[in-house]
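S.K.: Return atomic coordinates for the entry below.
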Amino acid sequence: MYNEEVEKAMLYFMIFEKAEFELSENDFINTINKKIINAINKLKISKQKISILSISEQIKDEKNILEYLSNLDTYTIGSTAENIYEKLKELTKKRETFLLAKEITKEAKETENIDLLIEKAISKLQKIEMQTEKQENFVSLIARTTDLIEKNINKKDDLSYYTGFFDLDALTDGLHKGELTIIGARPGVGKTTFALQIAERIAGYKKSVMFVSLEMSEEQIIQKILAKKARVNSRKIRNGYLTSEELDRIYIKSGEISDLPLLLYTKLSSIQQIEIEARKLKNKEKLDLLIIDYLQLVRNLGNFKSREQEVADISRTLKLLSLELEIPIIALCQLNRNAVKNEPTLADIRESGSIEQDADNVIFLYQEDVEDNRVTVDLQKQRAGNTGKLKLKFNKILSEFVNLER
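M.R.: Residues are numbered from 1 along each chain as shown. A predicted model of the protein is given here:
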């Protein structure tokens, strides 16, 4: 699983023929070749010219590096840059597959959840096949970061991850991949409606949304969506007292929402089940956002001394899952009774302080006056930005939050 001639030929094409390929030291076995590719990547980051002189300046601990670089052309006879690149990546894939097979063999003997191990293995195999997993050395991390900055510039007008709540989006710039957002409220304030409205909007941009509910049926969720879309009293939908005109509107809107990539799950009760399904969808490239309603109803199949430890493990799992799957995750959360009389604080999150620690963003919903139809949306934590408050109108009859006129 190592070919020194292929490694040297690849370096020749990158240095002398200016071939553009994304490679790292993990694609090479030879120690000097590792140093050379690292030097090339550093020069790329700093936008410097790549030559044997500039590379030798980066590798001062190798005495004969100039001679070594000058002789690289010996290994390119009868080959093209593309052909050599394919051979090199094939060797990398073989090494990574071999190491993964050893890892799976070891874990299979010890795991209690073979389905989860299988989905993780599939995900890792896909990354090996596509070679999308970036290497862990610092040079590669810098290259990845600058590439992300450029991508952010190119997609600055992309609103597909925006919630649709203008003042909230002004604070957060929408949802972000790799972030866990906690939305906390007492019962009856509308946290499910709030999350479902976000889900529907983002699904409208053809983003695949996995919505996990542990307290509502699929039919109840769809009724909420239809009440808002068709402008029909949700209670009338529930009890059947609908006019023919209202029924016609529901039929029309039913057809419209049927195309949404919104996947509803109401039978998943444990964090392990949720993780397995999320990984399955991601492995099929059918997951852009995960929403869980709500966190304290999720069970954990592990052995824990207290419910607090159990919930802490769940929140940590969700945070790590958002990073690994590169998706935003929203988890709804029940607040303590203390939040009924006072403005909620981070201390009011029920059962575990670790939820607040794991979360990138924490949003509270509450009503200062129960007779008022306005709900305060309080962004109390944002790891990457400012906090702040805003108000929305909550139309309970239509299961809808509405932006207030400015």
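
S.K.: Only C-alpha atoms from now on, for both contacts and neighbour counts.
M.R.: OK.

S.K.: for the stretch 301-406 of the chain, what are the low-confidence residue spans?
M.R.: Within the stretch 301-406 of the chain, the set of residues satisfying pLDDT under 70 comprises 338-342, 350-353, 406.

S.K.: All the helices of it, residue numbers only.
M.R.: 307-325, 338-341, 354-358 (DSSP state H, counting those that start in this stretch).

S.K.: JSON lines please, covering the ones you listed and showing distance to residue 38.
M.R.: As requested, the helices of the stretch 301-406 of the chain are arranged in JSON lines below (distance: least, CA to CA, whole Å):
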{"stretch": "helix 307-325", "distance to residue 38": "25"}
{"stretch": "helix 338-341", "distance to residue 38": "54"}
{"stretch": "helix 354-358", "distance to residue 38": "34"}
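
S.K.: Poorly predicted segments of the stretch 101-250 of the chain, please.
M.R.: Within the stretch 101-250 of the chain, the set of residues satisfying pLDDT under 70 comprises 129-141, 143-144, 148, 151-157.

S.K.: picking that back up, ok, which of the helices of the stretch 301-406 of the chain comes nearest residue 118?
M.R.: helix 307-325 (15.3 Å; CA to CA).

S.K.: hey, C-alpha coordinates of that closest one in CSV?
M.R.: C-alpha atoms of helix 307-325 as CSV (Å, rounded to 0.1, in the frame of the first residue of the first chain):
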residue,chain,number,x,y,z
ARG,A,307,-31.6,11.3,35.1
GLU,A,308,-29.3,14.3,35.1
GLN,A,309,-26.4,12.1,33.9
GLU,A,310,-28.7,10.5,31.3
VAL,A,311,-29.8,13.8,29.9
ALA,A,312,-26.2,15.1,30.0
ASP,A,313,-25.1,12.2,27.8
ILE,A,314,-28.0,12.9,25.4
SER,A,315,-27.2,16.5,24.9
ARG,A,316,-23.5,15.7,24.4
THR,A,317,-24.4,13.1,21.8
LEU,A,318,-26.5,15.6,19.9
LYS,A,319,-23.7,18.2,19.9
LEU,A,320,-21.1,15.7,18.6
LEU,A,321,-23.7,14.4,16.1
SER,A,322,-24.2,18.0,14.7
LEU,A,323,-20.4,18.3,14.2
GLU,A,324,-19.9,14.9,12.7
LEU,A,325,-22.9,15.0,10.3
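
S.K.: And stretch 99-117, what's buried?
M.R.: Taking 16 or more other CA atoms under 10 Å as the neighbour-count basis, stretch 99-117 is seen to contain the buried residues 100, 116-117.

S.K.: got the contact list for that stretch?
M.R.: 121, 124, 272, 275-276 (CA atoms under 8 Å, 6 or more residues apart in numbering).

S.K.: quick check, nearest of those residues to residue 12?
M.R.: Using CA to CA, the contacts of stretch 99-117 come closest to residue 12 at residue 124, 30.7 Å.

S.K.: What is the nearest of the contacts of stretch 99-117 to residue 399?
M.R.: Using CA to CA, residue 275 comes nearest to residue 399 of the contacts of stretch 99-117, at 28.8 Å.

S.K.: Now do the contacts for that closest one.
M.R.: Residue 275 is in contact with 116, 321, counting by CA under 8 Å, 6+ apart.

S.K.: can you tell me how far the residue sitting nearest the centre point of the chain sits from residue 180?
M.R.: The residue lying closest to the centre of the chain (CA atoms, centre = their mean) is residue 327, at 1.4 Å. Plainly put, residue 327 is 9 Å away from residue 180 if you go by CA to CA, to the nearest Å.

S.K.: Next: residue 277.
M.R.: Summarising the geometry, the distance separating residue 277 from residue 180, computed by CA to CA, is 18 Å.

S.K.: Among these two, which residue is more densely surrounded?
M.R.: residue 180 (29 against 19; other CA atoms under 10 Å).

S.K.: Name whatever forms a beta bridge with that one.
M.R.: With beta bridges defined as DSSP bridges, residue 180 has these partners: residue 329.
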